[in-house]
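Chemist: predicted model and sequence follow; I will ask about them next.
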Amino acid sequence: MTESLAGQIEKVTYLNDETGFSIVMLKVDGKMEAVTAVGQLNSPFVGELVDLTGEFKRHPRFGLQFEVVTCASRPPESENGLTKYLGSGLIKGVGPVLARRLVEAFGQDVLDVLECSPERIVEVKGLGPVRRERVIEAWKSTSGLKQLLTFLSTFNLGPSLASKILNRYGSAAEGVIREDPYRLSYEITGVGFHTADKVARYLNFAADCPTRLEAALVYSLDESIRMGHDYLPSNKLIEATKTLIPEVSTSEWEQALARLALAGRIIAERQDEPGYLDVYLPQLHRAETWVAKSLASILRAPFSVSVPRPDKALAWVESTLGLELNEDQREAAIMAITEKCAIITGGPGTGKTTMTKAICGIWRAVTPKLALVAPTGRAAKRLAQATGFEATTIHRLLQYAPGDGGFVHGPDNRLELDMLLVDEASMIDITLMNQLLGAIPSTAALILIGDQDQLPSVGPGRVLHDMLFTRSVPSKKLTQIYRQAERSSITKAAHLINQGQTPADLEQLAESDFFFVAEEDSNRIIDKILKLVSERIPKKLKLDPKFDIMVLSPTKKGELGTVNLNNHLGRVLNPSMWPSVSRYGQTFRVHDRVMQVRNNYQKEVYNGDLGLVQAIDLENHDVRVHFDDRVAHYDFSDLDELAVAWASTIHKAQGSEFPAVVIPVHPSHHIMLRRKLIYTAVTRGRRMVFLVGSPAALKRAVLNSQEDYRYSHLDRLLVAAVNSAD
């Protein structure tokens, strides 16, 4: 039975900013104890008065709760309530102290003053002109946010998405949405087609309106890119999009594709299959084309400088640096100093690092104009430590220019280089490779080093695979395991996995640094992981779990996915009641380990970078995160760029190494159980690796050598570009 409930919010227990779902404690007249209310509450704040409709229900675990159906909010009426309301984080820049001053100055008229006569806040003692303007602007933004939330609450869009929409469109936000709600799916991070479509249908947009069909196609193409494709054949794209809108005919989809192509939002080319088009986003079509042309140009251009007498140079560097290369490494090193472009691959323990040090020593003796780069900060740091040469990330080598929205170095401003060495090349997607190759002169030597048996790049394309497959670029695979590495069980396990060996073989390796712990029950797996991370591994290796140990899961979701594991690990590794903030369904606390989940060029932090939360400023809505070599600040509305990272997916950990890793393997990971995934996870551990889970699931993964196919034309384009150069 629906009933009404009015009260004042005393505490916000939980708030999911992505959906707006909240749990609050209400002070209700006539009731001695606070009432728990759950549901859509439109960005609740302490001190706010709410008029609710809904129904009291008894939760089996949490007792009697009021389940909210509708919520109307109004400001508090008492001065005490107004102080709590204004100081609860409602206005950026206003904390409890300033809130008290505002209420002392204006009493119960404080909200009217802020809304209608903001110039009067000069009457508040101790408030300077700069901060005064900040408070006025923040109130205007907050007022606009509340109005927008009232409109968006119909569609279950929460406060953080509303903030992003308001930041993008300003006071025109509601008008923009009413005119074309599908713009949300193109222009607002975190809003996909399904959400935009729900808004559009509520606003009575026709089921077959052109903007709906075009938005669905672009969404499906974006989703395919997230799965690693450079493009999709038109029949595959239409097939995928029909799952979103099944009632639309194929001819209508083809017409929508034609409109998108005419508007320049896609590029559709007739390629492999008669009757079908290959559909690209323009930037990926451009990237594939120019990577092929750039590689062909490098291969045919003469060296700007060359290494004289390569055999003598190799003997010299071995003697000078005290290295002893095996035959595999010597062949690879000679190739790297005599070919314009070379690819060197190999698994753990095959001596890639030693050989890289030799190559760099020779090139440094010839020219000072060389650079060493890697896709991630951790990989670059490891490269520098291992070789003794300076190394950086690709993004920092290219130097982002905030004013131009692009990189300083590119086709119009190339780097002054004679040699570029790129480590962890399997991680590089087609877009980053295009940016890199566009910035180096064709006369420079290019050396790519990686492990072709690892997972492909998180981003689109299969760059290293296509370059190796075409044989257009000279390549060498190191297979001989280095003598020192032969003693490592991690190395042995990685090679056994790569050869399709089963868990029975791995159990025999339970020596000093690799362990397989058999366990079927997911709850007991979690218990074992918590004990390993918090007690056993730190005690055995003298490691700090906040920095040195990573749990790597195949998936984000499920009991043994990263989301649930992070909740458990956070309670054990960071149990104190530090300041916290909840946004986008996550709670961040001071001293939490976090991961950047997409590139932010202005902050110079990139997808996969790990940091530690140093401080949370609730008054100024600021989260300060320390990364390896810099500190970055995040507004609360930007926290969807971060994820709590006591545990990470294996994909996100590419390019990183940790002193110790713990890897759950369970039948619930069934979709992801593949050889390359387990191999990549095991090779992330430097001093100790624990596999914890089901022997049957591990066996299934190790025996499954299947790889997801990625649509790419780089191989064909590269062959054509090289042949035309000939």
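Modeler: Thanks, I have it. Just so we're clear, the structure is a prediction, and the values are computed from it rather than from any experiment. Residues are numbered from 1 along each chain as shown.
Chemist: check what pLDDT the closest residue to Y186 other than its chain neighbours gets.
Modeler: Spatially, and ignoring its direct neighbours in sequence, Y186 is nearest to V218 (7.0 Å; C-beta to C-beta, 6 or more residues apart in numbering). Glycine gets a C-beta too; all of them are placed from N, C-alpha and C. Here the pLDDT value assigned to V218 is 95.
Chemist: V218 contacts L260, correct?
Modeler: Yes. V218 is within contact range of L260, at 7.1 Å (criterion: C-beta atoms under 8 Å).
Chemist: contact partners for the residue nearest to Y186?
Modeler: S185, Y186, L260, R265, I266 (C-beta atoms under 8 Å, 6 or more residues apart in numbering).
Chemist: next, give phi and psi for the residue nearest the centre of the chain.
Modeler: Centroid-nearest residue in the chain, with C-alpha atoms, centre = their mean: V597, separated by 2.1 Å. Backbone torsions of V597, given as degrees, to the nearest 10, read phi -110, psi 0.
Chemist: one step back: shared neighbours of V218 and L260, which are they?
Modeler: I266.
Chemist: just checking, A256 touches P210?
Modeler: Yes. Counting by C-beta under 8 Å, A256 touches P210, with 6.6 Å between them.
Chemist: who has more neighbours, these two?
Modeler: Taking A256 and P210 together and counting by other C-beta atoms under 10 Å, A256 has the greater number of neighbours (23 against 13).
Chemist: and the more buried one, what's its pLDDT?
Modeler: For A256, pLDDT reads 96.
Chemist: which residues touch the closest residue to it other than its chain neighbours?
Modeler: Distances taken as C-beta to C-beta, 6+ apart place L213 nearest to A256, at 4.0 Å, with adjacent residues excluded. Shown in contact with L213 (C-beta under 8 Å, 6+ apart): I245, V248, E252, W253, A256.
Chemist: from the residues you listed, which is closest to V366?
Modeler: Closest approach between those and V366, by C-beta to C-beta: A256, at 56.0 Å.
Chemist: the helix or strand harbouring the closest one packs against which elements?
Modeler: Following DSSP states H and E, one finds A256 within helix 250-262. In terms of contacts (3 or more C-beta pairs under 8 Å, 6 or more residues apart in numbering; DSSP states H and E), helix 250-262 is packed against helix 210-226, helix 234-242, strand 267-270.
Chemist: one more time with 10 Å
Modeler: Applying 3 or more C-beta pairs under 10 Å, 6 or more residues apart in numbering; DSSP states H and E, one finds that helix 250-262 contacts helix 210-226, helix 234-242, strand 267-270, strand 277-280.
Chemist: ok now the last one, how far from the chain's centre?
Modeler: Right, the one you point to is strand 277-280. On the basis of C-alpha atoms, centre = their mean, to the nearest Å, strand 277-280 sits 26 Å off its chain's mean C-alpha point.
Chemist: also the third one?
Modeler: Here the centre of mass of C-alpha atoms in strand 267-270, compared against the chain's by C-alpha atoms, centre = their mean, lies 30 Å away.
Chemist: re earlier: what about the spatially closest residue to the residue nearest to the centre of the chain that is not a sequence neighbour, distance to N607?
Modeler: Leaving aside its sequence neighbours, V597 sits nearest to A643 (C-beta to C-beta, 6+ apart; 5.2 Å). Distance of A643 to N607, computed by C-beta to C-beta, to the nearest Å: 11 Å.
Chemist: again with S637
Modeler: 19 Å.
Chemist: of the two, who's got more company?
Modeler: Neighbour count, other C-beta under 10 Å: between S637 and N607, S637 has more, with 20 against 17.
Chemist: any idea how far the closest residue to that one other than its chain neighbours is from V366?
Modeler: Distances taken as C-beta to C-beta, 6+ apart put S163 closest to S637, at 4.1 Å, once the chain neighbours are dropped. Distance check for S163 against V366: by C-beta to C-beta, it reads 54 Å.
Chemist: neighbour count: those two, which is higher?
Modeler: Set side by side, S163 and V366 show more neighbours around S163, with 23 against 18, by other C-beta under 10 Å.
Chemist: low-confidence regions, the stretch 351-500 of the chain specifically.
Modeler: 403-405, 483-487 (pLDDT under 70).
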